[in-house]
Each structure stands twice: as structure tokens, then as C-alpha cells.
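[1] Next one to model:
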Amino acid sequence: MLTLLEAQTHRRYIKSHLPLSALPIHDGVKYIHVARDGRDACMSYLNHINAYTAAAWSRLDAVADADPALHRPAPRPTRDMRGFFRQWITPGGTAGAEQMGDGFFEIERSFWAERDRDNLLLVHFNDLKADLDGEMRRVADFLEIDTPASLWPSLVQAADFEAMKAAGADLMPGAELSFEGGHATFLNKGVNGRWRDALTAEDLALYQSRVETELSPDLAAWLEHGRRGAGDPKAGAGPGGR
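    Take a look at the predicted model:
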């Protein structure tokens with residue numbers, strides 16, 4: 001990753017799945033966190049897990065072998081959607097906490113607690129789906145990128161999910177090394193609510209109970225509804241969530 005970063009000749013960026021508390025914080029660096037309802041995030045994660053190639057699992061096993069704090073070999077969660085959700089939502093994770101829902105709640109709490117930072121922008125998947133143009137303008141303003149008006153429509157069109165999936169081979173060269181089906185599998189559906197047809201009332205009650213335990217009410221509302229539904233995280237916000 002350091003080699004890839006050093007090779008970037010444009011404005012440099014790093015993508016991470018770490019909580020903000022695990023990242024170095026510099027005033028001269030800008031941070032953008034993209035969040036999603038936990039149930040949707042779980043469904044997306046299951047798609048990734050089920051598509052891992054043998055080579056991908058081998059790399060994860062090698063990481064686990066090198067770190068005594070990790071489960072060895074890397075845990076293989078169930079491929080069943082409801083079964084996976086039950087593992088994901090259970091504290092400690094029956095297939096290894098490192099890969100289950102514990103990390104999701106920790107990540108969201110860490111960014112929410114620092115949401116009033118001038119160099120942190122919170123973006124939500126729901127808002128990107130509802131108003132891609134508007135959210136892209138928020139990101140551009142945050143990064144102080146001045147884009148010619150004539151170019152803007154083509155940029156929004158290129159960032160649409162279907163356009164990205166069509167250009168997946170160019171956007172994700174080598175994806176087939178980690179995912180069966182390559183970019184076509186990784187860029188799966190890009191929709192919300194798939195959990196509605198997969199989870200039972202009991203499953204959803206487990207999720208709600210975990211949310212109430214792990215998250216403050218304002219953070220829980222934002223994760224479920226996004227900025228358009230729950231308001232701007234920074235507007236009149238008090239201290240960070242739990």
C-alpha cells in the first residue's frame with residue numbers, strides 16, 4: 001500500500017476500513033467517512049466474503065499466522081445470509097470478532113465522536129443514492145476542488161453505480177485475484193434494503209437491541225436514515241456518541 005501511495009502523482013488519497021481512532025490524525029489531512037445502515041453493510045459484506053478466492057483466503061490466513069492476537073486460520077463465516085447475520089450481530093462474533101459486527105459499531109462510533117472536526121466530512125450511502133449530484137458537490141467543496149460547470153454532468157454520470165459497474169474492468173484491474181467473478185461480483189447491486197426479504201422479525205429485534213446498546217440515539221438515526229433523513233451530523237450536535 002505504501003508503494004501504491006508513493007506512486008500516486010495526482011492529489012494523493014488512501015482508502016481504509018479502520019476506525020478513526022486507529023488512524024493518524026493530521027490537521028493538514030482531510031478525512032471522508034462513508035457510512036451505511038448496518039443491515040445493508042452486513043449484506044454487502046456477505047457478498048464479499050462469499051466471493052473470496054482461494055488466493056484471498058490464503059493471504060488472510062498468512063496475516064492471521066503472523067499475528068498471535070488473531071484467530072488462526074482466518075475464520076470462515078457461514079455462507080447462509082441469516083446465519084451470517086446472526087454471527088455478525090452477536091457480540092464477540094462466533095466466527096471471529098475481527099470480521100463480525102463488533103468492528104462496524106466501533107468504526108461508526110469513532111467517526112461520529114469526531115464529527116465536529118473541520119477536516120472530517122461524514123457522507124452516507126442513502127444520500128449518495130438519493131442525490132448523487134448534491135453529495136458530490138459537498139465532497140468537492142470539502143476538498144476545495146473547483147470543477148468547471150461544463151464538466152460536472154459527466155462526472156456525476158461516471159460516478160453512478162451502473163456506470164461504475166460497466167467500467168469495472170478499468171476501475172478494478174486485478175479484482176479477479178481476490179473475488180470470484182472479479183469486478184462484476186465486487187460491484188454487486190448498490191441498493192439498500194435487501195435484508196428486508198432475508199431477515200425475520202426476531203433477527204431485526206436483535207439488530208435493534210445491539211444498536212441501542214452500542215450507539216447513541218442521534219448516531220443510530222443518522223446511520224439508518226442519512227443526512228437527508230436525520231439531519232446534518234454537525235448541526236446543533238452535542239458531544240460524540242457512545
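
[2] Tell me which stretches of this structure form strands.
    Assigned by DSSP state E, the strands in the chain fall at 31-35, 120-124.

[3] Can you tell me what sits against the lowest-mean-pLDDT helix or strand in the chain?
    Ranked by mean pLDDT, DSSP states H and E, the helix or strand of the chain with the weakest confidence is helix 2-7, at a mean of 87. Helix 2-7 is contacted from outside by 12, 14, using Cβ atoms under 8 Å, 6 or more residues apart in numbering. Glycine gets a C-beta too; all of them are placed from N, C-alpha and C.

[4] Find out how far it is from the centre of the chain, if you would.
    Helix 2-7 sits 22 Å away from the centroid of its parent chain (Cα atoms, centre = their mean, to the nearest Å).

[5] go on, stretch 17-24?
    Remark: stretch 17-24 is offset 13 Å from the chain centroid, using Cα atoms, centre = their mean.

[6] again, but for stretch 147-154
    On Cα atoms, centre = their mean, the centre of stretch 147-154 falls 27 Å from the chain's centre.

[7] And for stretch 38-51?
    10 Å.

[8] tell me the mean pLDDT over that stretch?
    The average pLDDT for stretch 38-51 rounds to 91.

[9] and it, which residues are buried?
    Neighbour counts over stretch 38-51 (16 or more other Cβ atoms under 10 Å) mark 38, 39, 40, 41, 42, 43, 44, 45, 46, 49, 50, 51 as buried.

[10] what about residue 42, distance to residue 101?
    7 Å (Cβ to Cβ, to the nearest Å).

[11] I appreciate the help and will end here.
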